[in-house]
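Novice: Build me a structure from this.
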Amino acid sequence: MGTQGKMGMWQTGCLSYGFAIGSLVLFVVLLVRLTYQGWQSLRSVKVCTETKLGNQKVRLLDTAALFAGQIGFWKSELVISKGLLQSLSPAHLETVLAHEQGHYYYRDTFWFFWLGWIRECSSWLPNTDALWQELLILRELRADAYAASRVDNLLLAESLLLVVSFQTQSENNFSSCAEIFCAALGSSSEGTRLEQRIEALLNHQQQFTNAQPCSQYWHNFLLALLPLITVLFHQ
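Specialist: Alright, predicted model coming up:
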């Protein structure tokens, strides 16, 4: 439409163009920074020893901390600490693997990479952090429900408590990327968030166990695209 056009009743100009281009450049810089951080986390994963637990390939993290998480993008890798293998019984370990399989099934690391980018771009908005925390707990509840449909939900709750209790005593090597590039059993497990997850497991809630895509989600996604209608008002 050029610098002499209009958007609705407002006149556009070089200033609005400069602001738009500057915003796009900033968003690209944030995306590149997140991509670099993700690449660094993947490099950290690759140096870990690869082994098998049953039929599943895992990377062993040489630390006494209790840690298990999917790390990566679309095809994430499961990383488990030696401390976790030494501390949990085979039954509890099975529940941890089931939880992490839920994260892999829903490709949480991939989607939260993009959601994390949106979070960075909208960090100036007042409710961004609150919405981010809600997304994290919903991600964990969904993975918990996925696991509870395959293993004993009480054992999974016990495993969660064990992992969270040890996390307060030591930190893992991926703490800096835990929210975006790493979907771990102990994510979003502080205070009321932990209580919410435990309560959901004890009640054996099933609201997230349906693995089939729901048309309602697509309706909500299309609703989010409504602002694009404003393009029609550009002249």
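Novice: Spell out the residue ranges of the strands in this structure.
Specialist: Under the criterion DSSP state E, the chain carries strands at the ranges 6-7, 10-11, 49-53, 56-61, 68-71, 77-81, 182-184.
Novice: Send me the fifth one as PDB with only the CA atoms.
Specialist: The C-alpha atoms that make up strand 68-71 are tabulated as PDB, following Å, rounded to 0.1, in the frame of the first residue of the first chain:
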ATOM      1  CA  ALA A  68      14.600 -37.600  33.100                       C
ATOM      2  CA  GLY A  69      13.600 -35.500  30.100                       C
ATOM      3  CA  GLN A  70      13.100 -35.300  26.400                       C
ATOM      4  CA  ILE A  71      15.600 -32.900  24.900                       C
END
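Novice: can you pull the buried residues of it?
Specialist: Buried residues in strand 68-71, counting neighbours by 16 or more other Cβ atoms under 10 Å, are found at 68-71. Heads up, the C-betas are built off the backbone N, CA and C, glycines and all.
Novice: Same question for the fourth one.
Specialist: Using 16+ other Cβ under 10 Å as the burial criterion, the residues of strand 56-61 that qualify are 58-61.
Novice: Look up phi and psi at residue 149.
Specialist: When read as degrees, to the nearest 10, the backbone of residue 149 gives phi -80, psi -10.
Novice: how close does it sit to residue 139?
Specialist: Distance from residue 149 to residue 139, counting by Cβ to Cβ, to the nearest Å: 16 Å.
Novice: and the two? which has more neighbours close in?
Specialist: When residue 149 is set against residue 139 and neighbours are counted by other Cβ atoms under 10 Å, the residue ahead is residue 139, at 22 against 16.
Novice: Not counting sequence-adjacent ones, nearest residue to that one?
Specialist: residue 108 (5.5 Å; Cβ to Cβ, 6 or more residues apart in numbering).
Novice: Local confidence estimate at the one you found?
Specialist: Residue-level confidence at residue 108 comes out at 89, pLDDT.
Novice: What residues does it make contact with?
Specialist: Residue 108 makes contact with 70, 139, 143, 183 under the criterion Cβ atoms under 8 Å, 6 or more residues apart in numbering.
Novice: Which members of these define the maximum pairwise distance?
Specialist: Considering Cβ to Cβ, no two members of these lie farther apart than 70 and 139, which are separated by 11.1 Å.
Novice: Give the residues shared as contacts by the two.
Specialist: With contacts taken as Cβ under 8 Å, 6+ apart, the residues that reach both residue 70 and residue 139 are 103, 108, 183.
Novice: And those residues, which is closest to residue 157?
Specialist: After measuring those against residue 157 - Cβ to Cβ - the closest member comes out as residue 103, at 17.4 Å.
Novice: Roughly how far does the residue nearest to residue 62 when sequence neighbours are not counted sit from residue 58?
Specialist: With sequence-adjacent residues excluded and distances taken as Cβ to Cβ, 6+ apart, residue 62 is closest to residue 82, at 6.0 Å. Going from residue 82 to residue 58 by Cβ to Cβ gives 11 Å.
Novice: what distance separates stretch 71-85 from the centre of its chain?
Specialist: The gap between where stretch 71-85 is centred and where its chain is centred comes out at 14 Å by Cα atoms, centre = their mean, to the nearest Å.
Novice: So for residue 42, what's the pLDDT?
Specialist: At residue 42, the model reports a pLDDT of 84.
Novice: OK, contacts around it?
Specialist: Applying Cβ under 8 Å, 6+ apart, we find residue 42 in contact with 71-73.
Novice: what stretches of the protein score poorly on pLDDT?
Specialist: Per-residue confidence of the chain (counting by pLDDT under 70) places the weak regions at 1-13, 167-181, 186-191, 204-222, 224-225, 227-235.
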